[in-house]
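**Student:** Got a sequence here, can you model it:
(one chain, ligands or ions: 1)
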Amino acid sequence: TNTYETILVERKGRVALVTLNRPKALNALNLQVMNEVVEATEALDRDPDVGCIVLTGSAKAFAAGADIKEMQPQGYMDMYLNDWFTAWDRLGALRTPTLAAVSGYALGGGCELAMLCDILLASDTAVFGQPEIKLGVIPGIGGSQRLTRAVGKAKAMELCLTGRTMDAAEAERAGLVSRIVPADELLAEALSVAETVAGMSAPVAMMAKEAVNRAFETTLAEGVRFERRVFHAVFAVADQKEGMAAFVEKRPPSFTHR
Ligand code: CO8
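**Tutor:** You can find the predicted model right below:
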């Protein structure tokens, strides 16, 4: 089923696993990786049998950034006319919940890619940072915005201006990652979390994701209003009837994703 060259795509029940697979370049994100990840995840997003998408890399590197060698010769018009990196926005626009399982380096575009996902799990070997400034550039896949929202201005500013990295413990303290898992358990734990998510009602999980994401885009009053409207709407979902009936009848729910 795998027609891609830089990623591996596997299905495990209702969970899909996408593994960045450019080991010689520490999964540096060139345009081919971008196009393959976006194409593969959009196809998975359209598949009603996929309830959660896990994105991971290798033990050494989730991704060591955008591909520096590919970018080096580009000029402004190349970047502008190719709309360099804009396709990554489509990963953030998926409706299916996504989970980044990060081990090793998540630098520059790698950190930004992890932050484009909904849940961020890190291994104890994970290293995060936006070191673009050391190359004479700035983050280009949303890092200056998403890192600032995740960890606050002071730390984001320090990371973007000095290029220093954060270890997993600092990233967890700062609120960038939801949890730290021992490196050899990361994938199993990520798949287990994904299986839990994928076991929920798919439309309701989409609505929950949409509601949480609203917090990044709007005021508190508008966000709460949006949540209230969606909360009322879930009462039109068959899985709401099933979920609440199962609780009352003291049995596990059997969601139909309708
Ligand atoms: N791009 C291209 N190749 C890379 C990258 C990268 N980001 N990172 C590593 N590689 C390659 C190396 O060149 C090397 O290849 P080769 O064997 O052919 O020389 C191979 O991967 C292995 O890397 P190292 O030998 O360096 O491995 P180490 O274990 O010694 O070091 C590090 C690992 C510390 C991660 C080191 O590789 C490193 O510092 N990498 C670069 C990290 C970085 O600066 N990332 C940010 C890149 S810029 C970015 O992501 C966003 C730019 C936004 C631009 C916006 C435009 C619109």
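**Student:** Run through the strands of the stretch 51-200 of the chain in chain order.
**Tutor:** Remark: strands assigned in the stretch 51-200 of the chain by DSSP state E, counting those that start in this stretch are 52-56, 61-63, 98-102, 105-107, 119-123, 127-129, 166-167, 179-181.
**Student:** Direction included, what does the last one pair up with?
**Tutor:** Right, strand 179-181. strand 119-123 (parallel) (DSSP bridges).
**Student:** How about residues contacting stretch 57-73?
**Tutor:** 19-21, 23, 25-31, 33, 56, 84-85, 100-110, 113-114, 123, 125-126, 131-132, 135, 137, 140-141, 183 (C-beta atoms under 8 Å, 6 or more residues apart in numbering). Where you see a C-beta, it was placed from the backbone N, CA and C, and this is true even at glycine.
**Student:** Relative to the ligand, which of the strands of the stretch 51-200 of the chain is closest?
**Tutor:** Between the ligand and the strands of the stretch 51-200 of the chain, the tightest spacing by C-beta to the nearest ligand atom is seen for strand 105-107, at 4.2 Å.
**Student:** Quick one: mean pLDDT over that closest one.
**Tutor:** Summarised as a single mean, pLDDT over strand 105-107 is 98.
**Student:** and if you look at stretch 85-96?
**Tutor:** Rounded mean pLDDT across stretch 85-96 is 98.
**Student:** again with stretch 217-227
**Tutor:** 97.
**Student:** can you give me how far that stretch is from the chain middle?
**Tutor:** Chain-centre distance of stretch 217-227: 22 Å, with C-alpha atoms, centre = their mean, to the nearest Å.
**Student:** Using PDB, list the CA coordinates for that stretch.
**Tutor:** These are the backbone C-alpha positions of stretch 217-227, laid out as PDB (Å, rounded to 0.1, in the frame of the first residue of the first chain):
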ATOM      1  CA  GLU A 217      -8.300  31.700  17.000                       C
ATOM      2  CA  THR A 218     -10.800  33.700  18.900                       C
ATOM      3  CA  THR A 219     -11.900  35.500  22.100                       C
ATOM      4  CA  LEU A 220     -13.000  33.600  25.200                       C
ATOM      5  CA  ALA A 221     -16.600  34.700  24.800                       C
ATOM      6  CA  GLU A 222     -16.700  33.700  21.100                       C
ATOM      7  CA  GLY A 223     -14.900  30.400  21.900                       C
ATOM      8  CA  VAL A 224     -17.400  29.500  24.600                       C
ATOM      9  CA  ARG A 225     -20.300  30.400  22.400                       C
ATOM     10  CA  PHE A 226     -18.800  28.200  19.600                       C
ATOM     11  CA  GLU A 227     -18.400  25.400  22.100                       C
END
